[in-house]
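Novice: fold the stuff below for me.
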Amino acid sequence: MKPSAENKLQLARALNVKEEFGHDEYASGPVILTATNGEVQRIPHPSDSPNDPLNWPVWRKRGLIFVCCWFSLFSLVLVGGTGPFLETLIVQYAATKSVAEVVGLSTYPSLVMALGNLLILPAALALGRRPVFLFCTVLLLGSTIGAAVSSTFEAHLACRILEGIATGATESLLPLMITEITFLHEREFWFGIYWGSQSTFNAVFLISNSYLVAATSWRWFYGLFGIMAGIGLIFAFFAAPETRFHRGIVTVGGRRVYTDHFGVTHVVEATEHGDEVPDVLAEERGVQDQPDSYAQRLKPWHGLTPDAGKVFLDTYVQIAKALLSPGVVFAILLSSIVLGIGIALSLTYSTVLIQEFHWSPGSIGLMNIGVIPAAIAAILYAGWGGEKFAIWMAKRKDGVHFAEQQLVPLIVPTIVGVAGLILYGFTAESPQSSSSWGIIMGMAAEIIFLDTTYIDLELFLGWTLYNFAFISTIIVTTSYASEVMPSNPGAALILVVGAKNVVSFGAAYGLTPMVTRFGYRDAYLILMGIYLAIAVLGVPVYLWKARKSAQWSRSN
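Specialist: Residues are numbered from 1 along each chain as shown. Got it, this is the predicted structure:
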């Protein structure tokens, strides 16, 4: 049976795949990953070795994905979970530290996450995934214990920074490990589980964190998640084997298929490229026929990658090259500003709710109830809906798909995000006033929670709307990054996912002096203006790539 155009396009857009027709960056087209009978091709093509991660039994693969999700969930909560009890920390250190300095306990870990990302990934490519992952789990556990028992602000901040470095693995190393044990047609689903679970579970823990701190102390926030980090270390040691594996180049349908060190699968015209492959992909010839024993898989380190030094340095070269792409720069800026504003909102709502609306510190976490439906709506809209929209767009253009078609769905979350910022900023600035939205939402919440005020829900609605915009934008820009630069997709994805933490730091760090000088309303209107200005840059990026795609379509 002949495969449908929709199935072909869906498979052609699977994560991290490119097709090269020469050295022109814009000469790539979709890769058809189905046979003539409609059967899905297993790309990358697994070797005959039982030690190939692609040949692992299902339970071992699922176990590794579970370990990756466990680490990402609790490390990200540790880095970003201080918002609900930030006011408690401000009071704790009020005698010796300014508000801006205490806010650094939340902003600096986000910044160093990106630095950790840029250190952890090259190290994992050169040394192996397992030893670097184990190091990150040990570092997370040790720094969390240190934060729990810290006796000074400086010690607390130092441990928070180390937590941020360890958490950098969530945006670089762990996605690489998931990539290395899955086939192309499976990755979209598993990455959806990986990224989607983070937002949902973060909201749950943010709700509970404020109650935990109110009932005990802020030290037990670290105590609880230190226990979770310790359990994660046990999981990592026993259920996270090395995923690095050098498999031979294979020919599928007359084309040569190989996977680079970023986990990106390349489909290359053998007739045009001959026998040339990148030196960085030097193969380990010979295949082990005997599967490794469980004791062998538990070894913390399995040796250096061939040409480890060159691999380490080449990672930075490829990342630098990716910065030359206008699409990559746009994706970095947009994901950075939405993250920065999100951090800025999380740093202020506890103060506003306690000082202006007289909430108890233990109830602050309820502000994040709306994040759960916002995350689900974003996954449905930007994930499932974005895929359907891309297929529809391709059909309208005679089957031609280009990455910038994914930018069109950003229109809705941008509008929703602006609305959320306006609602939040005006409510925080003028808590004595009320609108019909506040009354309607307040009445509904009073019935559900039996204890709230009308105006509180304007703040709640603004936070919820913005989280929909934030999560949708991150999903779209991440997917876009995997396609925007066909000549260098792996490095582009790393930049967009990781670099946003550096740029967003400026927006979040500058919020406290902005609020002091301008007030909540004007401060968030300024951030909204920056947000809109960056979002509008997507229009010329889209039109520019559309012209390139039209040229490719005419010539192919």
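Novice: where does the prediction get shaky in the stretch 301-450 of the chain?
Specialist: For the stretch 301-450 of the chain, applying pLDDT under 70 flags the ranges 362, 387, 391, 394-395, 397-403, 431-450.
Novice: so where do the helices sit in it?
Specialist: 308-322, 326-355, 371-378, 386-396, 411-429, 436-449 (DSSP state H, counting those that start in this stretch).
Novice: and for the stretch 101-250 of the chain?
Specialist: 129-149, 153-167, 173-180, 184-215, 219-239.
Novice: quick one: closest of those to Pro540.
Specialist: With respect to Pro540, and counting by CB to CB, the nearest of the helices of the stretch 101-250 of the chain is helix 184-215 at 28.1 Å. Every residue, glycine included, has its C-beta placed from N, CA and C.
Novice: for that closest one, what is the distance to the chain centroid?
Specialist: 12 Å (CA atoms, centre = their mean, to the nearest Å).
Novice: report the angle between that helix and helix 371-378.
Specialist: If you take axes from the mean of the first three to the mean of the last three CA atoms, to 10 degrees, helix 184-215 sits at 170 degrees to helix 371-378.
Novice: may I see the buried residues of helix 184-215?
Specialist: 184-188, 190-191, 194-196, 198-214 (16 or more other CB atoms under 10 Å).
Novice: quick revisit: which one, of the helices of the stretch 101-250 of the chain, ends up nearest to Val536?
Specialist: Once these are compared by CB to CB, helix 184-215 is nearest, at 26.1 Å.
Novice: the closest one vs helix 173-180, what angle?
Specialist: 150 degrees.
Novice: which elements pack onto helix 184-215?
Specialist: helix 58-80, helix 173-180, helix 219-239, helix 371-378, helix 456-484 (3 or more CB pairs under 8 Å, 6 or more residues apart in numbering; DSSP states H and E).
Novice: can you rerun that using 6 Å?
Specialist: helix 58-80, helix 219-239, helix 371-378 (3 or more CB pairs under 6 Å, 6 or more residues apart in numbering; DSSP states H and E).
Novice: what's the domain layout of the protein?
Specialist: For the chain, automatic domain parsing gives the domain ranges 58-256+268-284, 321-556.
Novice: CSV for those domains, including distance to Ser293?
Specialist: Formatted as CSV, these follow (distance: least, CB to CB, whole Å):
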stretch, distance to Ser293
domain 58-256+268-284, 11
domain 321-556, 32
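Novice: which one of these has the poorest average confidence?
Specialist: Lowest mean pLDDT within these: domain 321-556, at a mean of 74.
Novice: and it, how far out from the chain middle?
Specialist: Taking the mean of its C-alpha atoms, domain 321-556 sits 13 Å from the chain's own mean (CA atoms, centre = their mean).
Novice: circling back: can you redo the helices and strands packed on helix 184-215 as CSV with mean neighbour count?
Specialist: Below are the helices and strands packed on helix 184-215 laid out as CSV (neighbours: other CB atoms under 10 Å):
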stretch, mean neighbour count
helix 58-80, 20
helix 219-239, 19
helix 371-378, 20
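Novice: contacting residues around stretch 84-92?
Specialist: With contacts defined as CB atoms under 6 Å, 6 or more residues apart in numbering, stretch 84-92 is touched by 99, 102, 206, 209-210, 213, 218, 350-351, 354, 361, 364-365.
Novice: now, which of the residues you listed sits nearest Gly146?
Specialist: For the contacts of stretch 84-92, the nearest to Gly146 is Trp218 (14.2 Å; CB to CB).
Novice: hang on, the earlier thing: can you tell which of the domains of the chain is closest to Pro50?
Specialist: Among these, domain 58-256+268-284 sits nearest to Pro50 (CB to CB), with 11.2 Å.
Novice: what's in contact with stretch 123-140?
Specialist: Taking CB under 6 Å, 6+ apart as the rule, stretch 123-140 contacts 75, 120, 166, 169, 173, 177, 229, 232-233, 236, 242-244, 261, 300-302, 305, 308, 311-312, 315.
Novice: only whichever of the residues you listed are buried, select them in ChimeraX.
Specialist: Of the contacts of stretch 123-140, the buried ones go into a single ChimeraX selection, burial set by 16+ other CB under 10 Å:
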select :75,120,166,169,173,177,229,232,233,236,242,243,244,261,302,305,308,311,312,315
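Novice: related to what we said a few turns ago, turn the helices of the stretch 101-250 of the chain into TSV, columns for distance to Pro46.
Specialist: Shown next, in TSV, are the helices of the stretch 101-250 of the chain (distance: least, CB to CB, whole Å):
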stretch	distance to Pro46
helix 129-149	18
helix 153-167	32
helix 173-180	11
helix 184-215	12
helix 219-239	21
